[in-house]
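**Student:** quick check, what structure comes out for this input:
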Amino acid sequence: MEWIELIMRAVHAVVGAVWLGSIYFSLMVLHRQSPELFDTLQEFEEYVTGLSDGNRWRVMSAVGTTGVTGLILMALSTENLGDPVWLAMMGAKIAALLATFGVFCYVSWRLWPERVFAVGDEIPALQRRGTILRATMFTFVSLSFILGIVVHAM
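**Tutor:** Residues are numbered from 1 along each chain as shown. Sure, this is the predicted structure:
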(Lines give C-alpha, C1' and ligand atoms only; values in the text may rest on other atoms or scores of the structure.)
Protein backbone atom coordinates (compact mmCIF):
# COMPACT_ATOMS: atom_id res chain seq x y z
CA MET A 1 0.00 0.00 0.00
CA GLU A 2 1.38 3.36 -0.99
CA TRP A 3 1.61 6.17 1.54
CA ILE A 4 -1.02 8.29 -0.28
CA GLU A 5 -3.52 5.42 -0.09
CA LEU A 6 -2.78 4.94 3.60
CA ILE A 7 -3.30 8.65 4.30
CA MET A 8 -6.54 8.70 2.28
CA ARG A 9 -7.85 5.62 4.12
CA ALA A 10 -7.03 7.18 7.47
CA VAL A 11 -8.63 10.53 6.65
CA HIS A 12 -11.68 8.83 5.10
CA ALA A 13 -12.19 6.58 8.14
CA VAL A 14 -11.55 9.22 10.80
CA VAL A 15 -13.72 11.92 9.24
CA GLY A 16 -16.47 9.37 8.59
CA ALA A 17 -16.26 8.13 12.18
CA VAL A 18 -16.48 11.68 13.56
CA TRP A 19 -19.46 12.37 11.31
CA LEU A 20 -21.22 9.15 12.37
CA GLY A 21 -20.46 9.89 16.02
CA SER A 22 -21.84 13.41 15.78
CA ILE A 23 -25.08 12.16 14.23
CA TYR A 24 -25.33 9.52 16.96
CA PHE A 25 -24.72 12.12 19.68
CA SER A 26 -27.36 14.43 18.23
CA LEU A 27 -29.88 11.61 17.85
CA MET A 28 -29.34 9.64 21.04
CA VAL A 29 -28.02 12.19 23.55
CA LEU A 30 -28.60 15.83 22.66
CA HIS A 31 -32.18 15.62 21.41
CA ARG A 32 -33.20 12.74 23.64
CA GLN A 33 -31.80 13.78 27.04
CA SER A 34 -31.34 17.56 26.91
CA PRO A 35 -35.03 18.56 26.84
CA GLU A 36 -35.33 17.28 30.42
CA LEU A 37 -32.95 20.06 31.51
CA PHE A 38 -35.31 22.83 30.43
CA ASP A 39 -38.67 24.04 31.71
CA THR A 40 -40.16 24.49 28.24
CA LEU A 41 -39.61 23.16 24.72
CA GLN A 42 -39.01 26.75 23.60
CA GLU A 43 -36.04 27.02 26.01
CA PHE A 44 -34.63 23.75 24.66
CA GLU A 45 -35.02 24.99 21.08
CA GLU A 46 -33.12 28.18 21.94
CA TYR A 47 -30.37 26.09 23.53
CA VAL A 48 -30.06 23.76 20.52
CA THR A 49 -30.07 26.73 18.14
CA GLY A 50 -27.19 28.36 19.99
CA LEU A 51 -25.27 25.12 20.33
CA SER A 52 -25.65 24.27 16.64
CA ASP A 53 -24.80 27.70 15.28
CA GLY A 54 -22.10 27.38 12.61
CA ASN A 55 -22.20 23.58 12.41
CA ARG A 56 -23.63 23.55 8.88
CA TRP A 57 -20.23 24.26 7.36
CA ARG A 58 -18.45 21.78 9.60
CA VAL A 59 -20.79 19.04 8.41
CA MET A 60 -20.48 20.18 4.80
CA SER A 61 -16.70 19.96 5.05
CA ALA A 62 -16.97 16.46 6.56
CA VAL A 63 -19.25 15.35 3.72
CA GLY A 64 -16.90 16.87 1.17
CA THR A 65 -13.80 15.35 2.74
CA THR A 66 -15.43 11.94 2.95
CA GLY A 67 -16.54 12.16 -0.67
CA VAL A 68 -13.22 13.37 -2.04
CA THR A 69 -11.14 10.83 -0.13
CA GLY A 70 -13.56 8.10 -1.18
CA LEU A 71 -13.21 9.04 -4.84
CA ILE A 72 -9.41 9.11 -4.52
CA LEU A 73 -9.49 5.67 -2.91
CA MET A 74 -11.68 4.37 -5.73
CA ALA A 75 -9.25 5.75 -8.30
CA LEU A 76 -6.36 4.07 -6.48
CA SER A 77 -8.19 0.71 -6.49
CA THR A 78 -7.64 0.02 -10.18
CA GLU A 79 -7.49 -3.75 -9.60
CA ASN A 80 -11.15 -3.70 -8.48
CA LEU A 81 -12.61 -1.54 -11.25
CA GLY A 82 -13.56 -4.61 -13.31
CA ASP A 83 -15.36 -6.40 -10.47
CA PRO A 84 -19.13 -5.83 -10.76
CA VAL A 85 -19.78 -6.68 -7.08
CA TRP A 86 -17.14 -4.18 -5.96
CA LEU A 87 -18.55 -1.54 -8.30
CA ALA A 88 -22.09 -2.17 -7.04
CA MET A 89 -20.96 -1.79 -3.42
CA MET A 90 -19.09 1.40 -4.24
CA GLY A 91 -22.18 2.66 -6.05
CA ALA A 92 -24.22 1.92 -2.93
CA LYS A 93 -21.66 3.80 -0.79
CA ILE A 94 -21.89 6.79 -3.12
CA ALA A 95 -25.70 6.62 -3.09
CA ALA A 96 -25.68 6.53 0.73
CA LEU A 97 -23.37 9.55 0.86
CA LEU A 98 -25.54 11.49 -1.60
CA ALA A 99 -28.73 10.51 0.24
CA THR A 100 -27.25 11.67 3.54
CA PHE A 101 -26.12 14.90 1.94
CA GLY A 102 -29.62 15.46 0.54
CA VAL A 103 -31.26 14.85 3.91
CA PHE A 104 -28.73 17.14 5.59
CA CYS A 105 -29.41 19.92 3.08
CA TYR A 106 -33.15 19.59 3.72
CA VAL A 107 -32.61 19.67 7.48
CA SER A 108 -30.15 22.53 7.32
CA TRP A 109 -31.88 24.87 4.88
CA ARG A 110 -35.55 23.96 5.33
CA LEU A 111 -36.26 22.28 8.67
CA TRP A 112 -33.78 24.26 10.76
CA PRO A 113 -35.24 27.69 9.89
CA GLU A 114 -38.69 26.30 10.70
CA ARG A 115 -37.42 25.18 14.11
CA VAL A 116 -35.75 28.50 14.81
CA PHE A 117 -39.00 30.40 14.25
CA ALA A 118 -41.39 27.79 15.68
CA VAL A 119 -43.53 28.62 18.66
CA GLY A 120 -45.69 26.64 21.05
CA ASP A 121 -47.54 23.73 19.52
CA GLU A 122 -45.45 23.78 16.29
CA ILE A 123 -42.34 22.55 18.12
CA PRO A 124 -43.22 18.88 18.87
CA ALA A 125 -44.03 18.05 15.23
CA LEU A 126 -40.80 19.66 14.05
CA GLN A 127 -38.84 17.77 16.70
CA ARG A 128 -40.39 14.46 15.59
CA ARG A 129 -39.54 15.19 11.96
CA GLY A 130 -35.98 16.11 13.00
CA THR A 131 -35.62 12.84 14.91
CA ILE A 132 -36.76 10.84 11.89
CA LEU A 133 -34.33 12.69 9.62
CA ARG A 134 -31.40 12.27 12.07
CA ALA A 135 -32.17 8.54 12.25
CA THR A 136 -32.27 8.44 8.45
CA MET A 137 -28.85 10.11 8.20
CA PHE A 138 -27.46 7.77 10.85
CA THR A 139 -28.76 4.78 8.89
CA PHE A 140 -27.22 5.96 5.61
CA VAL A 141 -23.83 6.76 7.15
CA SER A 142 -23.84 3.43 9.01
CA LEU A 143 -24.63 1.63 5.76
CA SER A 144 -21.73 3.39 4.12
CA PHE A 145 -19.42 2.26 6.94
CA ILE A 146 -20.62 -1.33 6.67
CA LEU A 147 -20.14 -1.33 2.91
CA GLY A 148 -16.66 0.09 3.35
CA ILE A 149 -15.72 -2.68 5.75
CA VAL A 150 -17.10 -5.35 3.42
CA VAL A 151 -15.39 -3.85 0.36
CA HIS A 152 -12.09 -3.63 2.22
CA ALA A 153 -12.39 -7.29 3.23
CA MET A 154 -12.96 -8.42 -0.39
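**Student:** quick one, phi/psi of residue 38?
**Tutor:** Dihedral pair for residue 38: phi -120, psi 150, per degrees, to the nearest 10.
**Student:** now it: how far from residue 44?
**Tutor:** 4 Å (CB to CB, to the nearest Å). From N, CA and C alone the C-beta is placed, and that goes for glycine too.
**Student:** the two - which one has more neighbours?
**Tutor:** residue 44 (19 against 14; other CB atoms under 10 Å).
**Student:** where do the helices sit along this structure?
**Tutor:** Assigned by DSSP state H, the chain shows helices spanning 3-24, 31-33, 41-52, 55-76, 84-106, 112-117, 123-153.
**Student:** flag every buried residue along the fourth one.
**Tutor:** Put plainly, it is helix 55-76. For helix 55-76, burial by neighbour count (16 or more other CB atoms under 10 Å) applies to 59, 62-63, 65-67, 69-70, 72-74.
**Student:** now do the second one
**Tutor:** Neighbour counts using 16+ other CB under 10 Å place residue 31 of helix 31-33 among the buried residues.
**Student:** list the contacts of that helix.
**Tutor:** Applying CB atoms under 8 Å, 6 or more residues apart in numbering, the set of residues contacting helix 31-33 from outside is 48, 127, 130-131, 134.
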